[in-house]
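*Asks:* sequence and predicted structure are below.
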Amino acid sequence: MKSFKIRDIAIDPPLILSPMAGVTDYTFRRLIKRRGGVGLVVSEFISVEGLTRHNPKSKRQMRFDEEERPFAVQIFGGKPDRMALGAEMAEEVGADILDVNCGCPAPKVVKNGGGSGLMREPALLESILKEIKKTITIPLTLKVRTGYSDASINVVDIAKMAEQCGVEHIQVHGRTREQGYKGLANWELIRQVKEAVSIPVSGNGDITSIQYGLDRWRESGTDGILIGRGAMQNPWIFRQFQDVIEGREPYQPDLQEKKDVLLEFFSMCREEMPEIVSLGKMKQLAGQFTKGLVGGAQFRQTLYHSHSAEEILDNITIYFETLSEQETFGDGTVEADEDLNLDSCDAPVVPTAMSDARSANV
Ligand SMILES: Cc1cc2nc3c(=O)[nH]c(=O)nc-3n(C[C@H](O)[C@H](O)[C@H](O)COP(=O)(O)O)c2cc1C
């Protein structure tokens, strides 16, 4: 298992932070990148309708920092001319890679011809890819599902068509649109895509442990791996994966680092966002991050009921001090950490803009 290239861009290590609307923003991406082991980060999916109509939220979603490179912007939409324009804007802001979303199952996205709706409209997808290729010089990549439904699994045909159009990397989330996030990802179909095309292929779905990831990777023969929800539960998962690939023991963060990562995230959020939005973001990350920790459920309750930054900071301090002194917290329960239950691109978990914040229940 080694690094791979998307044209001349090394994806090293071959581990990708999977795009997640409402999660993988400028703040979260840097938090994860700083933990190490991440070869590529991708923006949240960005609406080309918003981008090309100069919606400030869509433009803000393209913001990135040099420390994130290589950085891909992911766009979605169903109109070739708008997609090409959106792609051009991503190139203009300096993105290294342009990624097209063919995976989002949200009805409002599919209804407008975008996201996983494109899986059942290969001709439209082909025009979109060709139109984008005419416009940009950076590499074009595609993120797909396995098909629209079990009755229409077509990911291998889509991948071959995309390769013909000049797509330079295919990322397969091994579920159909109909499946949403239910059941397990089908890595056998991911393997079939890898065999069918000569461009790099990366696999995605359900990786929350190093062993599970290594097994799926070996079986599928893919070039890279994408991890989404697993990164919220364990921000060190990429570094641990890299350690194992390179023959080292996986890194184990101590309690102090676990505390520090929450504080770092909160502090970055507070620099970037209004207070109410950072509180929501903090509750979102802490909700996932504390799944495998002793007394995590009780700690989360204290955070959910915190109404100010000070309360959040106090509760974090109390939790970690109690843990380090007494080695337990609350009833001492450790929840199973395989629960990946999270909203999808259907409904971003917390508001991302000042305007959303007013109506938010955070
Ligand atoms: C909250 C959330 C938001 C998501 N948003 C996007 C998105 O914007 N673009 C995309 O291609 N996939 C999106 N996905 C799908 C993930 O990138 C990934 O394909 C999926 O979660 C399976 O990988 P995992 O099991 O490692 O999480 C989203 C998933 C979640 C949970």
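*Replies:* Yep, it's here. Numbering: from 1, shown residues only.

*Asks:* what's across from the residue of the stretch 51-200 of the chain found nearest the ligand in the sheet?
*Replies:* Minimum separation of the stretch 51-200 of the chain from the ligand (Cβ to the nearest ligand atom) falls at residue 173, amounting to 3.7 Å. Every residue, glycine included, has its C-beta placed from N, CA and C. Beta bridges link residue 173 to residue 204, judged by DSSP bridges.

*Asks:* for it, give its distance to residue 199.
*Replies:* Remark: distance between residue 173 and residue 199 (Cβ to Cβ, to the nearest Å) = 17 Å.

*Asks:* domains of this structure?
*Replies:* 4-245, 255-359 (automatic domain parsing).

*Asks:* which residues of the stretch 51-200 of the chain fall in helices?
*Replies:* Per DSSP state H, counting those that start in this stretch, the stretch 51-200 of the chain carries helices over the ranges 56-60, 80-92, 107-111, 122-135, 155-165, 187-196.

*Asks:* could I have the helix or strand containing residue 278 exported to PDB, CA atoms only?
*Replies:* Element membership of residue 278 [criterion: DSSP states H and E] is helix 275-289. Taking C-alpha atoms only, helix 275-289 is exported to PDB below (Å, rounded to 0.1, in the frame of the first residue of the first chain):
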ATOM      1  CA  GLU A 275     -20.700  32.300  19.100                       C
ATOM      2  CA  ILE A 276     -24.000  30.400  18.600                       C
ATOM      3  CA  VAL A 277     -22.600  28.600  15.600                       C
ATOM      4  CA  SER A 278     -19.400  27.600  17.300                       C
ATOM      5  CA  LEU A 279     -21.400  26.200  20.200                       C
ATOM      6  CA  GLY A 280     -23.400  24.000  17.700                       C
ATOM      7  CA  LYS A 281     -20.200  22.900  16.000                       C
ATOM      8  CA  MET A 282     -18.600  22.000  19.300                       C
ATOM      9  CA  LYS A 283     -21.600  19.900  20.300                       C
ATOM     10  CA  GLN A 284     -21.600  18.200  17.000                       C
ATOM     11  CA  LEU A 285     -17.900  17.200  17.200                       C
ATOM     12  CA  ALA A 286     -18.000  16.400  20.900                       C
ATOM     13  CA  GLY A 287     -21.100  14.200  20.200                       C
ATOM     14  CA  GLN A 288     -19.100  11.900  17.900                       C
ATOM     15  CA  PHE A 289     -15.700  12.300  19.500                       C
END
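
*Asks:* any part of that helix near the ligand?
*Replies:* No. Helix 275-289 stays clear of the ligand (Cβ under 6 Å from any ligand atom), getting no nearer than 9.2 Å.

*Asks:* please apply the same query to stretch 129-144.
*Replies:* Yes. Contact of stretch 129-144 with the ligand (Cβ under 6 Å from any ligand atom) involves residue 143.

*Asks:* hey, C-alpha coordinates of that stretch in CSV?
*Replies:* Listed next in CSV are the C-alpha coordinates belonging to stretch 129-144 (Å, rounded to 0.1, in the frame of the first residue of the first chain):
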residue,chain,number,x,y,z
LEU,A,129,-17.8,16.2,-17.3
LYS,A,130,-17.0,17.2,-20.9
GLU,A,131,-18.1,20.8,-20.3
ILE,A,132,-15.9,21.0,-17.1
LYS,A,133,-12.9,19.5,-18.9
LYS,A,134,-13.1,22.2,-21.5
THR,A,135,-13.0,24.8,-18.8
ILE,A,136,-10.4,23.8,-16.2
THR,A,137,-6.8,22.7,-16.3
ILE,A,138,-6.6,21.2,-12.8
PRO,A,139,-7.5,17.5,-12.5
LEU,A,140,-11.2,16.5,-12.5
THR,A,141,-12.3,13.8,-10.1
LEU,A,142,-15.6,12.1,-9.4
LYS,A,143,-17.3,10.8,-6.2
VAL,A,144,-20.0,8.3,-7.0
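
*Asks:* which residues touch it?
*Replies:* By Cβ atoms under 8 Å, 6 or more residues apart in numbering, the residues outside stretch 129-144 that reach it are 6-7, 9, 19, 72, 74, 80-81, 83-85, 87-88, 90-91, 95-103, 119, 155, 158-159, 162, 165-173.

*Asks:* mind listing what's buried along that stretch?
*Replies:* If you call a residue buried by 16 or more other Cβ atoms under 10 Å, then stretch 129-144 has these buried ones: 129, 131-133, 135-136, 138-144.

*Asks:* out of the residues you listed, flag the one nearest to residue 324.
*Replies:* Set against residue 324, the nearest of the buried residues of stretch 129-144 by Cβ to Cβ is residue 143 (40.8 Å).

*Asks:* quick one: the closest one and residue 82, what's the gap?
*Replies:* Distance check for residue 143 against residue 82: by Cβ to Cβ, it reads 18 Å.

*Asks:* helices along the stretch 201-350 of the chain, start to end?
*Replies:* Ranges of helices within the stretch 201-350 of the chain are 210-220, 229-233, 237-245, 255-272, 275-289, 296-304, 309-326, based on DSSP H, counting those that start in this stretch.

*Asks:* how many residues are close by the closest residue to the ligand within the stretch 201-350 of the chain?
*Replies:* The minimum distance from the stretch 201-350 of the chain to the ligand, using Cβ to the nearest ligand atom, falls at residue 228 (2.9 Å). When neighbours are counted by other Cβ atoms under 10 Å, residue 228 registers 23.
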